Every structure is written in C-alpha cells, then in structure tokens.
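**Q** After the sequence you'll find the predicted model.
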Amino acid sequence: MYGFYIDEDRRKARRAKWNTVRIISIGFFGVILLGSLLLWLPFSNHQPIRYIDALFTAVTCVCVTGLVTVVPAAQFTVAGKVILLILIQIGGLGIIACTTAFLILVGKRINMKERVVIQEAYGLSTLQGMIRFIERVLWGTFLVEGIGAIGYSFQFIPEYGVAKGIFYSVFHSISAFCNAGVDILGDSSFTRYVNTPVITITTTMLVILSGLGYPVWIDLAKNIKMTIQSKGKRPVGRTITRLSLQSKIVLTMTLFLLTLGTLGFYLLEHHNPATMGTLNAAGKFQAAFFQSVTTRTAGFASISQSGLTNGSKLLACMLMIVGGSPAGTAGGIKTTTVAVLLLTAISVLRGNKDTECYGRKITFEIIRVAIAITLVTFVFWLFGVTVMTVIEPQQKVLDLMFEATSAMATVGLTVDLTPVLSDISHVVLMLMMYIGRIGPMTMALIFSGHVDKKNQFRTLPEAKIMVG
C-alpha cells in the first residue's frame with residue numbers, strides 16, 4: 001500500500017510537469033501568432049510587410065532573441081514599436097508570470113493546480129510562497145528596468161528630445177533586461193555607442209542582472225538583508241557563504257565566463273580594424289567586455305559582428321550556447337548545466353564517486369538532466385545548421401553556425417546574414433528560436449508524448465559496456 005501511494009504521488013508530479021510543458025509551449029505559440037497578425041496590419045507599418053517577416057519579428061520578440069529580417073526602426077510605426085515592446089516584455093517575463101500577474105490584478109485566487117504550474121516553471125522546491133515569488137519577480141523586473149531607463153535617458157533624451165528619448169530609453173531598457181537585443185535605432189545596433197559609457201554600462205548591467213535568474217536575486221537580497229539587520233553581528237563574508245548552492249554556482253560561472261570572454265575577445269580583436277582595432281586601450285577593454293556580456297544572450301552589438309575574426313566567431317558561439325542562468329530571461333543551456341558537466345568530468349578524472357561542489361553532493365538526477373539538456377540542444381542545433389548549410393551553399397559554414405547558434409541560444413547577434421537568407425532558412429531560424437525559448441527539453445517532451453508511462457519506475461538488472 002505504501003508503494004502504491006509513492007507511485008501515485010510520482011504520477012501526479014509527472015502529470016503536473018506535463019501540464020506545465022503544454023501551457024508554456026502553447027502559450028508562447030499563441031502570443032507569437034497574435035503578435036504576428038498585429039505586426040502584419042497596416043497601422044503597424046510604414047510600408048507593406050510580408051507576413052513571414054511579421055511572423056519572424058514576432059518570434060524574435062517573444063523568444064527574446066533579436067534576429068530580424070527587416071529594420072524595426074524604419075519598418076514599424078509607433079504603434080508597431082509599442083507592440084514589439086509588449087511582445088518583448090511578455091517573452092522576457094514568461095507566459096506563467098504574465099498569466100499569474102493578470103490573475104492577481106483581477107483579484108482571482110490562485111488555486112493549488114496553478115501553484116504547481118508556477119513551481120514547475122521556475123524549478124522551485126516548495127509550493128509555499130508561490131504568489132510572493134511572482135510578485136517579487138514582477139517588482140524586481142520593473143524596478144531594474146526603470147533604473148535602466150533612467151540610465152539610457154542621459155543619452156537618448158539629449159539626442160532625440162524628451163518624448164522620443166523617454167520612449168527609446170524605456171524600450172531599450174526592457175529589450176536589454178529581457179535579453180531581446182531588439183533595437184529601434186537603425187540597422188547598426190549599438191555600434192555608434194561603443195565609446196559611450198552610459199550606454200555600455202547600462203546595457204551590461206541590465207543583461208548581467210537578468211541573466212543571473214530570479215531565484216539568485218531573491219537569495220542575494222535575503223542574505224544582504226540579514227547582514228544589514230544584524231548591525232555588524234553577522235560577518236559580511238556570510239552574505240556569500242550562506243548563499244544556496246544554486247546561487248554560488250551561478251555567480252562563480254558568471255564571473256568566470258565574463259572574464260574568459262573579455263580576455264578572449266580582447267586578445268583576438270584588439271588589432272582588428274574592422275572591430276576594435278581603432279579604439280584606444282580603454283575603448284578596446286570596454287568593447288571586449290560588452291562583447292563578452294552580449295554573447296550571453298543579450299543580442300546588442302557595440303562592434304561589427306561580421307568583422308570578427310574566425311576565432312572570435314567561434315568563441316562567441318561557445319559563449320552563446322552556454323547562455324545565462326535558469327529561471328531568468330537568458331537562453332542557452334545555462335551556466336548551471338555546464339557547471340554540472342564540468343564538475344562531473346572532474347570527479348571522474350579524480351576518481352571520486354560523487355559530483356561535489358562547495359561541500360555539497362549534486363544528485364544523480366540533476367546530472368542526468370544536465371546531460372539530456374546538452375545532448376538534446378546539440379541535436380536540434382546540428383539539425384538546424386545542417387539544413388541551412390544545404391539550403392545556403394553559397395554562405396560560409398562558420399557564419400551559418402553563428403546565426404544558428406544565435407537563434408538556438410536566443411541571443412540575436414548576427415554577422416549581417418539573417419536578412420539575406422532564404423525564407424526556408426528563416427523558417428529554420430524561427431523554429432530554433434522557439435525551441436531555444438521554451439527549452440529543448442520541453443520540445444523533446446512534446447515530441448515524445450505523455451511522460452506518464454506504466455514502466456517508468458521499473459528497475460532492470462545492471463550490465464556493463466565499454467565507452468570511450
């Protein structure tokens with residue numbers, strides 16, 4: 001009888017996870033479809049637009065990517081740009097957060113089923129405090145976006161005037177925080193501001209903060225608050241040491257990847273006149289740091305991506321596929337996934353039985369998920385690159401890899417290739433952006449069907465095989 005209840009609880013948990021998968025996938029698809037129709041209508045455009053271009057723009061906004069087939073600044077009216085902004089905000093916050101926020105606003109009680117969906121969507125360990133968590137996510141998002149808009153306003157208001165400057169500040173703050181990379185400045189992204197600290201600092205701040213993930217925000221805020229309230233009784237160092245393992249891994253990997261990317265791009269590009277070769281030493285470091293940050297799924301460019309050396313393009317692809325951290329606005333396979341794989345490899349090389357990090361053991365279930373996420377992502381990515389290589393034989397394979405990786409990791413950087421690709425390649429990129437946003441594992445579950453199998457919990461005899 002006891003075993004029956006355990007199996008039944010597991011089946012209910014699996015059912016809840018499957019419901020969450022369907023809500024996320026169908027929700028994003030519905031918003032994309034509605035957004036594409038609105039962007040296709042005459043009031044959104046200065047000139048007629050093909051539906052596939054409107055659809056591509058809707059996908060890139062909802063999937064917070066940034067690849068475009070038209071120039072948003074020239075193509076869309078103010079109404080169209082407002083629609084872009086709404087789609088980006090929905091895509092950044094996510095369907096679950098936006099739906100929950102709407103239910104809270106209309107005063108509807110969030111039932112247990114909806115709380116389970118929130119728990120599954122954000123990977124939380126308990127059902128307690130679900131509504132409080134969503135409220136913190138919303139208030140934190142709007143607060144940081146507001147600060148970002150103020151930062152941008154110091155440049156945009158003097159440059160474009162009060163009304164247009166405020167709108168541009170708000171638009172690009174939301175686009176940066178949501179890691180969308182969609183801009184309404186022209187066809188050169190932020191390249192004109194490569195030597196403008198107020199733009200580069202504001203953008204990198206927004207991208208880094210959003211890329212940490214909401215659980216890390218809350219964990220940091222809680223520990224900082226405890227340190228302040230202790231009035232000196234609690235050592236400042238405990239603000240870091242008392243963080244959860246998730247937060248420690250995210251912060252460590254973020255610092256490591258930002259440092260690696262900055263040094264890598266500086267060494268590879270500091271003599272390249274097509275990118276940062278003409279800048280002074282400080283400008284080169286600023287451009288290298290911005291490039292390192294933006295490849296972590298931001299999509300804004302302060303230097304020409306088509307002018308990058310082959311080494312830099314390859315480094316950019318590696319950073320893009322890693323992406324940001326879980327439960328945030330960033331894409332990629334996530335920093336924690338890479339950390340688990342690296343730690344597992346190190347434990348094998350050292351002959352350790354367990355995968356350990358900061359004095360804690362990482363469970364085998366998490367290791368299995370990390371391996372599955374990486375492999376499934378690689379399969380989808382390889383399929384997309386292969387199809388585009390066949391369709392676009394005149395293009396360089398590395399450039400096609402760059403565009404495909406940018407789409408799959410929902411980054412949005414481009415080597416000026418996306419606008420000139422065929423419609424079939426655009427469809428491939430749209431599929432990759434969609435898969436990258438809802439998650440490769442989510443798409444794999446959709447293809448595999450219902451996960452509640454009768455033989456899911458059976459145990460078979462072990463057998464050894466040779467690997468490597």
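**A** Yep, it's here.
**Q** which residues sit in contact with T329?
**A** V64, G92, L93, F177, C178, N179, S210, G211, T297 (Cβ atoms under 8 Å, 6 or more residues apart in numbering). All C-beta atoms are positioned from the backbone trio N, CA, C, and that covers glycine.
**Q** Apply 10 Å and report the result again.
**A** Contact analysis of T329 by Cβ atoms under 10 Å, 6 or more residues apart in numbering lists 64, 88, 91-94, 141, 176-180, 206-207, 209-214, 297-298, 410.
**Q** With G299 instead?
**A** Counted by Cβ under 10 Å, 6+ apart, G299 has contacts 60, 64-68, 175-176, 179-183, 189, 207, 320, 331, 406, 409-414.
**Q** Which of the three states applies to the most centrally placed residue in the chain?
**A** Closest residue to the average C-alpha location of the chain: A330 at 1.6 Å, with Cα atoms, centre = their mean. When classified by DSSP: H, G, I helix; E, B strand; the rest coil, A330 comes out as coil.
**Q** Need the distance between the two termini of stretch 185-193.
**A** From its first residue to its last, stretch 185-193 covers 11 Å (Cα to Cα, to the nearest Å).
**Q** in that stretch, what counts as buried?
**A** Buried positions in stretch 185-193, judged by neighbour count with 16 or more other Cβ atoms under 10 Å: L185, S189, F190, T191, Y193.
**Q** Now render these as JSON lines, adding pLDDT and distance to G161.
**A** Shown next, in JSON lines, are the buried residues of stretch 185-193 (pLDDT from 0 to 100; distance: Cβ to Cβ, whole Å):
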{"residue": "L185", "pLDDT": "94", "distance to G161": "14"}
{"residue": "S189", "pLDDT": "91", "distance to G161": "21"}
{"residue": "F190", "pLDDT": "95", "distance to G161": "20"}
{"residue": "T191", "pLDDT": "93", "distance to G161": "22"}
{"residue": "Y193", "pLDDT": "95", "distance to G161": "18"}
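**Q** ok, so of those residues, who is nearest V376?
**A** Closest approach between these and V376, by Cβ to Cβ: S189, at 30.6 Å.
**Q** Please enumerate the helices of the stretch 351-468 of the chain.
**A** 364-391, 397-408, 423-438, 440-448 (DSSP state H, counting those that start in this stretch).
**Q** Turn these into TSV, columns for distance to P72.
**A** Converted to TSV, the helices of the stretch 351-468 of the chain look like this (distance: least, Cβ to Cβ, whole Å):
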stretch	distance to P72
helix 364-391	23
helix 397-408	17
helix 423-438	16
helix 440-448	27
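**Q** hey, which of those helices is tucked in deepest?
**A** The highest mean neighbour count among the helices of the stretch 351-468 of the chain, using mean count of other Cβ atoms under 10 Å, belongs to helix 397-408: a mean of 24.
**Q** Just want the angle from that one to helix 423-438.
**A** 40 degrees (axes from the mean of the first three to the mean of the last three Cα atoms, to 10 degrees).
**Q** Just the buried ones from the contacts of T329, in ChimeraX syntax?
**A** A single ChimeraX command suffices to select whichever of these are buried according to 16+ other Cβ under 10 Å:
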select :64,88,91,92,93,94,141,176,177,178,179,180,206,207,209,210,211,212,213,214,297,298,410
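**Q** Just to be sure, which of the contacts of T329 are found in helices?
**A** Counted as lying in helices by DSSP state H, out of those, are 88, 91-93, 141, 176-177, 206-207, 209-212, 214.
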